[in-house]
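Chemist: Got a sequence here, can you model it:
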Amino acid sequence: MDRLVVVGASLAGLRAVESARRIGFTGEIVLVGDEDRLPYDRPPLSKAALAAESSEDIPPLRAESVLRDDLGVTLTLGSPATALDVVDQVVYAGGERIRYSAAVLATGCRTRTLPEVASHPAVHVLRTADDAFALRKALDGARTLAVVGAGFIGSEVASVARARGIDVTIVESSGAPLAHAVGAGPGALLTQLHEQNGTRVLLDSTVATVTDRGTGAGLVLTDGRVVDADVIVLAIGVVPNIEWLTSSGLDLGDGILCGADLGVGVKGVAAAGDVCNWPDHRWGRRFRMEHWTNAAEQGAHAARTALRLDVAEPFSTMPYFWSEWYGVKIQQVGRVDCDEHLVVGDHESNRYVVLYGHGGTLLGALTVGRPGETMKLRRLIEQRVDWAEAVAFARSRTISAGTTGLPSS
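Modeler: A predicted model of the protein is given here:
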């Protein structure tokens, strides 16, 4: 074990580097990244980075001097990985052939696009720092914005735009926004938050094309309606970056299909972050998560798996995610793909908790405008408390007496 190659100059990649040094790895570490940037945080890209008063750059998670001098990292940035040879133990990136004795694959995802509209100059996506800079510049002179997709990223963009005084329309193809993420009922309540803040939401609406309209564009829907917009943002999800691994022989699907320890089935290689699809035995199912906390934890674990060949510790996490719309903090913890859920609190004023359970046990929670409850509920989820106890706790903590039960998700 003389060289660790980390493919992906991301949060997960950085945590892999730091973990390797922390457990005593003294060999060479090469960090490969497709962007010509040091690892940086992505969550601010759809939040603070788009605000009118934001700075002109995204600070790195670690200074170059720390990476090179303190952590002893050889940086290979602006070099997209193109292939992995697991027999000769070589990563091909940027025209170079980089040998490894251990490797962590953390190449993340890219934005999903609509080919029929993506080439129009008014259309933007948001995944990288450069995307954020381009979108912020476009918003500086915008009066109207259309966001395609009512997920968390699209909703954050809408929130920032409304704070800048821009008229916003969200176009969502489903009739239940965020149903896949929080359930149909809670998703409808979150949509209410948009409407209360002046954002128009068009449900069951799909995009046909984009046309030029004066100084902006017209987002033409399949039913013939046209949404005028100076700026259009596509926020319709992401695609794991696995094409470079097609010839590697690794098991690929929705990401890199890993074992419980994040190993990919090849000695000395593990995966981490948005691209990693692994079985979490704690929850009894496979996950591929696009959450900050998961990327950080997995990066550290993947390095240990890749370097410690005699140890195969399973990785497990407590899913956690946060967002902020119109000044309201939204947090999600645990599993929400459950057969029952209950809203406790005042959803009209956006101060409520959603409990998620299965088989009489609390498995997850969503807090809206109640940030102080999230960690308390997390502890109950970890303890696997029964449903009745969880409901009693939530009701006892709720200032408002209003409690609304929603249909099972």
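Chemist: Next, work out how far apart the spatially most distant residue from the centre of the chain and Met1 are.
Modeler: When distances to the mean C-alpha position of the chain are computed (CA atoms, centre = their mean), the maximum falls on Gly214, with 35.0 Å. Relative to Met1, Gly214 is positioned 61 Å away (CB to CB, to the nearest Å). The way it works is simple: take the backbone N, C-alpha and C, and place the C-beta from them, glycine included.
Chemist: For the spatially most central residue of the chain, give me the pLDDT.
Modeler: Central residue of the chain (CA atoms, centre = their mean): Glu290, 3.3 Å from the mean position. Predicted confidence (pLDDT) for Glu290: 95.
Chemist: since we're on the residue nearest to it when sequence neighbours are not counted, how many residues are nearby?
Modeler: Excluding the flanking residues, the one nearest Glu290 by CB to CB, 6 or more residues apart in numbering is Asp274, at 4.8 Å. Neighbour count for Asp274, taken as other CB atoms under 10 Å: 26.
Chemist: what's Asp274 in contact with, if anything?
Modeler: Taking CB atoms under 8 Å, 6 or more residues apart in numbering as the contact definition, Asp274 lies against 12, 108-109, 238, 240, 255, 288-290, 295.
Chemist: Neighbour-wise, give me the winner out of the residues you listed.
Modeler: Of all these, the highest neighbour tally under other CB under 10 Å goes to Ala12, namely 32 neighbours.
Chemist: still on that earlier bit, check the residue nearest to Glu290 and give its pLDDT.
Modeler: In this model, Asp274 carries a pLDDT of 98.
Chemist: With the one 5 residues further on instead?
Modeler: If you check Pro279, the pLDDT there is 98.
Chemist: ok, it - how many residues close by?
Modeler: Counted with other CB under 10 Å, Pro279 comes out at 17.
Chemist: cool, and Gly224?
Modeler: 7.
Chemist: Which of the three states applies to it?
Modeler: Three-state assignment for Gly224 (DSSP: H, G, I helix; E, B strand; the rest coil): coil.
Chemist: Next, the contact list for Pro279, please.
Modeler: 259-260, 285-286.
Chemist: what's the closest of those residues to Ile381?
Modeler: Arg285 (15.5 Å; CB to CB).
Chemist: how close does that closest one get to Leu355?
Modeler: In terms of CB to CB, Arg285 sits 20 Å off from Leu355.
Chemist: again, but for Gly345
Modeler: For Gly345, the distance to Leu355 equals 11 Å [CB to CB].
Chemist: Mind listing the shared neighbours of these two?
Modeler: Common neighbours of Gly345 and Leu355 (CB under 8 Å, 6+ apart) are Ala394.
Chemist: how about the helices in the protein?
Modeler: With DSSP state H as the criterion, the chain has helices at 11-22, 64-65, 129-140, 152-163, 179-182, 184-196, 292-307, 374-382, 387-397.
Chemist: For the third one, name the packing helices and strands.
Modeler: Going back to what we said before, that points to helix 129-140. Where contact means 3 or more CB pairs under 8 Å, 6 or more residues apart in numbering; DSSP states H and E, helix 129-140 is packed against strand 123-124, helix 152-163, strand 231-234.
Chemist: which of these is buried the deepest?
Modeler: Of all the helices and strands packed on helix 129-140, strand 231-234 has the most neighbours on average by mean count of other CB atoms under 10 Å, namely a mean of 26.
Chemist: what helices or strands is that strand leaning on?
Modeler: Using 3+ CB pairs under 8 Å, 6+ apart: strand 231-234 touches strand 123-124, helix 129-140, strand 144-148, strand 216-221.
Chemist: just for the stretch 301-409 of the chain, where's the confidence low?
Modeler: Applying pLDDT under 70 to the stretch 301-409 of the chain flags residues 309-311, 399-409.
Chemist: Could I get the full set of strands for it?
Modeler: Counting by DSSP state E, counting those that start in this stretch, the stretch 301-409 of the chain has strands at residues 320-325, 328-334, 340-346, 351-358, 361-368, 403-405.
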